[in-house]
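Visitor: after the sequence you'll find the predicted model.
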There are 2 protein chains.
Amino acid sequence: MQKIDILIENGFVLNFEDNSEIPEPKSIAIQNGKILEIGFPNDLKIKYNPEILLSANSKIVMPGFINAHTHVAMSYFKGLADDLPLMEWLTKHIWPAENKFLSKDFVRDAALHGCAEMIKNGITIFNDMYFFGDQTAQSAQKAGIRAVLGEGVLDAPVANYQNANEIFSYIEKMNEKYKDNELIDFAVAPHAIYTCGKENLIKSKELAQKLGILLHIHLSETRQEVENCIKQNGMRPVEYLDSIGFFESHVVIAHGIWLNENEQKILADKKASIAINTSSNLKLASGFDSFKSYLDHGVNLSIGTDGVASNNNLSIIEEMSITSKLQKALNNDPTILHARKMVEIATLGGAKALNKENEIGSLEPGKKADVILIETDSIEAQPIYNVYSQLVYSLSSEQIKDVIVAGKVVMKDRKLVNIDEEELIDKAKYYQKKIVEFNSNR
Amino acid sequence: MQKIDILIENGFVLNFEDNSEIPEPKSIAIQNGKILEIGFPNDLKIKYNPEILLSANSKIVMPGFINAHTHVAMSYFKGLADDLPLMEWLTKHIWPAENKFLSKDFVRDAALHGCAEMIKNGITIFNDMYFFGDQTAQSAQKAGIRAVLGEGVLDAPVANYQNANEIFSYIEKMNEKYKDNELIDFAVAPHAIYTCGKENLIKSKELAQKLGILLHIHLSETRQEVENCIKQNGMRPVEYLDSIGFFESHVVIAHGIWLNENEQKILADKKASIAINTSSNLKLASGFDSFKSYLDHGVNLSIGTDGVASNNNLSIIEEMSITSKLQKALNNDPTILHARKMVEIATLGGAKALNKENEIGSLEPGKKADVILIETDSIEAQPIYNVYSQLVYSLSSEQIKDVIVAGKVVMKDRKLVNIDEEELIDKAKYYQKKIVEFNSNR
């Protein structure tokens, strides 16, 4: 018998090539952070001697969810001044709070809270855009979750940066620091075309290309942004970025609603991805648009939660549900973005968006062991006719029980392994008091 | 000290007149199924000697959610043939399954499963539309949840009824049987204007009036229904029902999208309510419409989950979230249907819809003790700036810990008191096999 790290036994292993609605139980052998083999339970039982045996009886076993767009260190702004007009929310509440509180310590603490929430939502890698990425990296490592950390690039001074060049230096430094790190990657994250002029957009692209890392931008989030872009540049946002060679790098666009057919074709052609943020788009009244044509043109879609302050949770299951439902009604077509497709978008789609489809996003021998186990022996999950359907429309994160990242168990029986939730709660209350105090003294 | 049944101590008691974002902790004394007093913890502590002491430290204490429209006995059809065109789903999957399986036993078992799910979702009363209501009543009583049971009225033979008169007789009989029952009410539920001709619509209304019970109908769910109504009757659906005196009784309309201003005015004028079913409308691609004008005209709104087969869960929190978000985007207004308003709609709005606002829907001395306790000491709930915000946008049913109906604890620490979930799961698996077998032999 071969000694291995983990044997996951007897679960409903999701495999997108398999057309069955309830997969036949399989087992998964994990060794050195990777999937070694997937096969029939009896075969693997006699072949492997695991350090850790995880029974997956009645559990869906699937690749971890991929959160393709978020701002994890915004945890302490959760629910701060909801239900306000967008600019009022930003200018009177969020930006003043960020201005006051953004610091290494704040980011490190808030990011740890966010990482904990994400693991509980079955997320095994997230694509972040914020500041002090090194702090978020430390928290992600402590939690045991993968992270792609996009340091935000803006023209104006922000956080502790006087100018964009300082940000570019930081990214280069961090990319070097984390180059052999299993969990952490850095990325270049020009915030948006209305906060980043052409020069910094081009420099961002060049840096991303030079270092071979991801380029992550908010784009086409509101109609106003599109109209302004046309006014200023004579082109729509995707066309504008294309005209400056932005898509020569590997790009993830957050939001990307309002794209016309030409823009969709550019994205498909240049293999740039969209991270859909339905809850955020709706909650902030940014709007909504049909993704049908994007799908028809072959644009790669993925799922993001956006920051917890505009969602206000980090549930990918909820995003799959609300996205699928909205698109069905928008397109007057209940067959569109069906459950299985949504699950694929939330896993493999995310992996493609992050340029990691050879490593994660599906369970196959040789790929990284980023795996989540979801309980189906619950009244919410039963009866089951189709596991994908159940995942998207019936279940919630409550049923996510175990999470493995890079072959290490980071949540077991819905209890985080590396983080004390009580401590996180105490810390959140501490910051809540400070933020409330700051707000009342303004 | 006065002996009482239950003392809920030290919770964030929601009170819609109170404008504070985080209520000051209060205690609630419950006696004989009713709220006796709400007051400061120290005052009630020395005044009352409770049989049961429920600590509500760090818990939101609120009226139970009201599910204003559902088909609880459809539990075993959850996820059966999702993502299909509506008519195919109905005619090829749901109706054949109902035709085959609908029986007293099936309804009793499926209803018990649905009641259990609803309690776990913090629902303390549901407004049902189905058949064999007596069976659902027995299951609701076993679970300990309140139910308004609308026996479905159709022109064509259905279930074990040869004609609508048999259904009317049944309703009268059941209304008599349950007249002194604390938990159970019956209602008249003409299915829709396309399944019920004028004669049976009028008879339904007359029976509801005679017995002083609720009238519950699907109306204006799809554009097609509206167009057909105009073709057949020369009027829109609400106008049509108004023309036959339907609203002389107390009416709940399920769905009610596509109403024009005149129809909204009629509903407001006649004090008829709408049960909003956002998830169902989106998932079945029935569509969506703005409710802003309904609010402006004073139409009473409430929340429904619809049947679990078109949702596919029974979470009112999720319905509040998706409804609020969709309406914000639809109306290009992030302030509309704000969190507090959504919670009010899901509680008091539901109580008004069911003509029970003097008994339930808010926590006040003299009202029934239908109370739920929701944990806020969790990383998903913290930090809190506004309890309503947290409820609607951040939390999920996972945080609902305790449920009290009519002064009796029916769920404690997320464990159902009167029902064995394992048994429900076994039963669901049993029926799943039968339904799969039936489908494969067709």
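Guide: Happy to help now that I have it.

Visitor: which stretches of the stretch 251-400 of chain A form helices?
Guide: A:261-269, A:278-283, A:292-297, A:316-330, A:339-344, A:350-353, A:387-389 (DSSP state H, counting those that start in this stretch).

Visitor: could you export the longest one as CSV, CA atoms only?
Guide: Coordinates of each C-alpha in helix A:316-330 appear next as CSV, following Å, rounded to 0.1, in the frame of the first residue of the first chain:
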residue,chain,number,x,y,z
ILE,A,316,-20.4,31.8,-4.4
ILE,A,317,-23.5,29.5,-4.2
GLU,A,318,-25.7,32.6,-3.8
GLU,A,319,-23.9,34.3,-6.7
MET,A,320,-24.5,31.2,-8.9
SER,A,321,-28.1,31.2,-7.9
ILE,A,322,-28.8,34.9,-8.4
THR,A,323,-26.9,35.0,-11.7
SER,A,324,-28.6,32.0,-13.2
LYS,A,325,-32.0,33.3,-12.2
LEU,A,326,-31.5,36.8,-13.4
GLN,A,327,-30.2,35.7,-16.7
LYS,A,328,-33.1,33.3,-17.2
ALA,A,329,-35.6,36.1,-16.7
LEU,A,330,-33.6,38.7,-18.7
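
Visitor: quick one: it to helix B:316-330, angle?
Guide: Angle of helix A:316-330 versus helix B:316-330, following axes from the mean of the first three to the mean of the last three C-alpha atoms, to 10 degrees, is 50 degrees.

Visitor: what's the answer for the first one, then?
Guide: Using the same axes, to 10 degrees, one finds that helix A:261-269 and helix B:316-330 are set 130 degrees apart in direction.

Visitor: give me the beta-bridge partners of residue A:2?
Guide: Counting by DSSP bridges, residue A:2 is bridged to residue A:48.

Visitor: thought it was touching residue A:49?
Guide: Yes - contact criterion C-beta atoms under 8 Å: residue A:2 and residue A:49 qualify, at 6.7 Å. In this view, the C-beta of every residue, glycine as well, is placed from N, C-alpha and C.

Visitor: so the residue most central in space within chain A versus residue B:279, what's the distance?
Guide: Taking C-alpha atoms, centre = their mean as the criterion, residue A:67 is the residue nearest the geometric centre of chain A, at 1.3 Å. Distance of residue A:67 to residue B:279, given as C-beta to C-beta, to the nearest Å: 23 Å.

Visitor: again, but for residue A:42
Guide: 41 Å.

Visitor: ok, now residue A:269?
Guide: 36 Å.

Visitor: ditto for residue A:302
Guide: Residue A:302 is 23 Å from residue B:279, where distance means C-beta to C-beta.

Visitor: now stretch A:14-28, how far from the centre of its chain.
Guide: Here the centre of stretch A:14-28 is set off from its chain's centre by 24 Å, with C-alpha atoms, centre = their mean, to the nearest Å.

Visitor: tell me the mean pLDDT over that stretch?
Guide: On average, the pLDDT along stretch A:14-28 is 87.

Visitor: ditto for stretch A:190-205
Guide: Mean per-residue pLDDT for stretch A:190-205: 97.

Visitor: list the buried ones in it?
Guide: A:190, A:191, A:192, A:193, A:194, A:195, A:196, A:200, A:201, A:203, A:204, A:205 (16 or more other C-beta atoms under 10 Å in any protein chain shown).

Visitor: and for stretch A:61-79?
Guide: If you call a residue buried by 16+ other C-beta under 10 Å, then stretch A:61-79 has these buried ones: A:61-79.

Visitor: which of the buried residues of stretch A:190-205 fall within helices?
Guide: Within those, residues falling in helices by DSSP state H are A:200, A:201, A:203, A:204, A:205.

Visitor: restrict those to contacts with chain B.
Guide: Applying C-beta under 8 Å from any C-beta of the partner chain, the subset of those adjacent to chain B is empty.

Visitor: between residue A:42 and residue B:279, which has more neighbouring residues?
Guide: Applying other C-beta atoms under 10 Å in any protein chain shown to residue A:42 and residue B:279 shows that residue B:279 carries more neighbours, namely 26 against 10.

Visitor: need the contact list for residue A:44.
Guide: A:7, A:9, A:27, A:28, A:29, A:37 (C-beta atoms under 8 Å, 6 or more residues apart in numbering or on different chains).

Visitor: kindly recompute the last result at 10 Å.
Guide: Applying C-beta atoms under 10 Å, 6 or more residues apart in numbering or on different chains to residue A:44 gives the contacts A:4, A:7-10, A:26-29, A:36-38, A:50.

Visitor: about what we covered before: for the ones in helices among the buried residues of stretch A:190-205, which one is nearest chain B?
Guide: When those are compared for distance to chain B (C-beta to the nearest C-beta), residue A:201 wins out at 28.3 Å.

Visitor: what sits closest to residue A:25 if chain neighbours are left out?
Guide: Using C-beta to C-beta, 6 or more residues apart in numbering or on different chains and skipping the chain neighbours, the partner closest in space to residue A:25 is residue A:10 (4.7 Å).

Visitor: that concludes my questions; thank you for your assistance.
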